[in-house]
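Undergrad: next input, structure requested:
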Amino acid sequence: MSNLLPTNEHPVERVVRVILGLGLLSLLAVGPVPGWGLAGLIGLVPLATGALGSCPIYTMIGFSTWKKTSKPA
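TA: You can find the predicted model right below:
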């Protein structure tokens, strides 16, 4: 499973993605404003990737913002 969803997001980036996703989802609760419903549903993407810590696009291109630090033995 770690190969399918490797952790490739920095913890700060994860927090920003979750906040952005929640902000976009909150547009659904504002009311019937044309175009905001779709933006709200798009908020599921950053919310999910932030919660999981893995971005599929980063995985496809081999990019990562999270650098693992080696622990002393």
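
Undergrad: let's see stretch 54-65 as CSV, backbone CA atoms only.
TA: Taking Å, rounded to 0.1, in the frame of the first residue of the first chain, the C-alpha atoms of stretch 54-65 are listed here in CSV:
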residue,chain,number,x,y,z
SER,A,54,-0.2,11.7,-0.8
CYS,A,55,-0.8,13.5,-4.0
PRO,A,56,-1.3,11.2,-7.1
ILE,A,57,0.1,13.8,-9.5
TYR,A,58,3.3,14.1,-7.3
THR,A,59,3.5,10.3,-7.4
MET,A,60,3.2,10.2,-11.2
ILE,A,61,5.9,12.7,-11.8
GLY,A,62,8.2,11.5,-9.0
PHE,A,63,8.0,14.8,-7.0
SER,A,64,7.9,15.2,-3.3
THR,A,65,7.8,18.2,-0.9
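
Undergrad: which elements pack onto the longest helix seen in the chain?
TA: Of all segments of type helix in the chain, defined using DSSP state H, the longest is helix 11-30. Helix 11-30 makes packing contacts with helix 36-42, helix 44-52 when contacts are defined by 3 or more CB pairs under 8 Å, 6 or more residues apart in numbering; DSSP states H and E. The C-beta positions use only the backbone N, C-alpha and C, and glycine is treated the same way.

Undergrad: buried set for the next helix or strand after the last one?
TA: The first helix or strand that comes after helix 44-52 along the chain, using DSSP states H and E, is helix 56-61. Along helix 56-61, the positions that meet the burial threshold by neighbour count (16 or more other CB atoms under 10 Å) are residue 58.

Undergrad: ok now helix 56-61, how far from the chain's centre?
TA: Here helix 56-61 is found 12 Å from its chain centre; the criterion is CA atoms, centre = their mean, to the nearest Å.

Undergrad: low-confidence ranges in this protein?
TA: Residue ranges of the chain with pLDDT under 70: 1-2, 31-37, 69-73.

Undergrad: can you state the direction angle for the longest helix of the chain and helix 44-52?
TA: On the basis of axes from the mean of the first three to the mean of the last three CA atoms, to 10 degrees, helix 11-30 is oriented at 140 degrees to helix 44-52.
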